[in-house]
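**Student:** Attaching a predicted model along with its sequence, questions to come.
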Amino acid sequence: MKRKAAQYKIERREAQPHAFIERRALLRKAGLLMGQVSTPLQCACFLPFPYYAKWAFEKLGALTKRRLNRIIYLNNINYFITEELIKVTKTVGIAFADSMEYLPFEKYAKNKNFVSEERRGNKSIEFTLSENGRALKIIGVECGIGKVNAASCVSFLISDDKADFILNAGLSGAVTGLRKEDFVAGESYIECDFDLTPLGLKLGEKPGQDFVYEADKTLLELVTQSKGIKTGRLGTGDLFLADEEKKKFFLETFGICAFDMETAAIASVCHKAKVPMLSLRKISDDAGDAASDSYREMNDRAEDSLTMVLDSLFSRMLKCDEIWK
C-alpha cells in the first residue's frame with residue numbers, strides 16, 4: 001500500500017501486542033501532556049488492534065481540537081505510522097458590506113486554492129493560508145449594507161463556521177483627525193443611532209448591557225504594524241452620514257473619529273460571543289455635505305489597498321504566538 005512520502009512513513013513491524021504503547025506514553029510522545037504542543041507534532045503509535053488505535057487517535061484529536069485525516073487499518077498487520085505534520089487551524093471570518101468592497105478580496109482569494117459558495121444567502125469565498133504547522137482558514141462574506149445585515153452575517157460565521165476571529169473591512173466617512181485615503185483601525189465601537197433618551201438614558205446607552213465594544217488588542221497591535229494605520233473609536237448607524245451638523249454632534253457626544261454602517265453591530269455580536277474582532281476602514285469622504293460624491297468615486301474604483309493590509313495581517317497572525325495559545 002503506497003502513501004506519499006512527504007505525508008506518511010509506514011514501516012511493517014512484527015505483531016507484538018505486548019509492545020503496544022500505553023496511553024500516557026502515547027500522549028507524551030505527541031507532546032500533549034500539560035497542555036504542551038510541539039511544532040510540528042510527531043504523532044506516533046503502534047496499531048496492533050483497531051480498537052486501541054481508534055481510541056488513541058480520537059484522544060489526540062479531542063485534546064488538540066483538530067481532526068486527523070484518516071485512521072489506517074491494514075488487515076490487523078502492525079504498522080508504525082508517523083504523521084509528520086498536523087496543522088493547527090484557526091478560522092477567520094471577514095464581513096464586507098457591499099459588492100465593490102468585497103470584489104478586491106474575491107480577486108485576491110482567487111489566486112489561492114479557493115472555494116466560492118453561498119452562505120445563508122450571501123456570497124462568500126474560502127481559502128487557507130498555512131505556515132510552520134499553523135493554518136488560517138479564511139472566509140470572506142459579502143454581508144450587505146447596514147447593522148442588521150452585518151450582525152446576522154457575523155452571527156452565522158460564528159455559529160455555522162465556528163469562527164475564532166472576526167474582521168470587518170470597508171469604507172468610512174471621516175469625523176475628525178482623518179483624511180480621504182487614510183486607514184483607521186477601530187480601538188472601540190459604538191452605535192450612534194441607538195436612542196432611548198425619552199426613557200432617560202444617554203444616546204447610545206443600552207440598559208443593562210455594555211454598549212461600547214473594544215477591539216481585540218492582539219489583532220489591533222498586529223494590524224498597526226502596517227505603515228500608516230491610524231487608530232480611534234468608530235461610530236456606527238443605519239444612515240449614510242453626510243451632514244456637517246450631525247457629524248459635529250456625533251464627535252462631541254461619542255468622541256468618534258470615523259463613521260460607518262456596520263462595525264458596532266459586528267462588535268456587539270462578537271462581544272456577546274466572546275470572539276476577538278477588529279474593524280479596518282479606509283476613509284472615502286469627510287462625512288460632510290459632499291460625502292456622497294466622494295464615496296461613490298472611491299467605491300467605484302474597487303481598490304485592493306484594504307485587501308493588501310488584510311494580507312499583511314494574515315501573515316503576522318500566522319507568526320504570532322499569542323494568536324495560537
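**Tutor:** In hand now; what should we look at? Numbering: from 1, shown residues only.

**Student:** Give me the contacts around the helix or strand where residue 318 lies.
**Tutor:** Using DSSP states H and E, residue 318 falls within helix 305-319. Helix 305-319 has contacts (CB atoms under 8 Å, 6 or more residues apart in numbering) with 90, 92, 94, 101, 104-105, 107-108, 129-132, 134, 136, 138, 165, 167, 169-170, 183, 219, 222-223, 225-226, 229, 280, 282, 323. In this view, the C-beta of every residue, glycine as well, is placed from N, C-alpha and C.

**Student:** and these, which are buried?
**Tutor:** The neighbour-count test (16 or more other CB atoms under 10 Å) marks 90, 92, 94, 101, 104-105, 108, 129, 134, 136, 138, 165, 167, 169-170, 183, 219, 222-223, 226, 229, 280, 282, 323 as buried among these.

**Student:** Which of the residues you listed fall in strands?
**Tutor:** Among those, the ones falling in strands (DSSP state E) are 90, 92, 94, 129, 134, 136, 138, 165, 167, 169-170, 183, 229, 280, 282.

**Student:** Name the nearest of those relative to residue 259.
**Tutor:** Distances from residue 259 to these, taken as CB to CB, are shortest for residue 170 (11.8 Å).

**Student:** mind listing the helices for the stretch 151-300 of the chain?
**Tutor:** 217-223, 244-254, 263-273, 291-301 (DSSP state H, counting those that start in this stretch).

**Student:** any chance of those in CSV, with mean pLDDT and distance to residue 319 too?
**Tutor:** CSV is the format used below for the helices of the stretch 151-300 of the chain (pLDDT from 0 to 100; distance: least, CB to CB, whole Å):
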stretch, mean pLDDT, distance to residue 319
helix 217-223, 98, 9
helix 244-254, 97, 35
helix 263-273, 98, 23
helix 291-301, 95, 31
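
**Student:** Quick one: closest of the ones you listed to residue 159.
**Tutor:** Shortest distance between residue 159 and those, using CB to CB, is found for helix 263-273: 8.4 Å.

**Student:** Next, the buried residues of stretch 308-320.
**Tutor:** Result for stretch 308-320 [16+ other CB under 10 Å]: buried residues 309, 310, 312, 313, 314, 316, 317, 318, 320.

**Student:** now the second one: how far from residue 287?
**Tutor:** Think residue 310. From residue 310 across to residue 287, the span is 24 Å (CB to CB, to the nearest Å).

**Student:** and what of the last one?
**Tutor:** Relative to residue 287, residue 320 is positioned 34 Å away (criterion: CB to CB).

**Student:** is it true that residue 263 touches residue 233?
**Tutor:** No - using CB atoms under 8 Å, residue 263 makes no contact with residue 233, being 10.1 Å away.

**Student:** So which of these two has more stuff around it?
**Tutor:** Taking neighbours as other CB atoms under 10 Å, residue 263 and residue 233 compare with residue 263 leading, 33 against 20.
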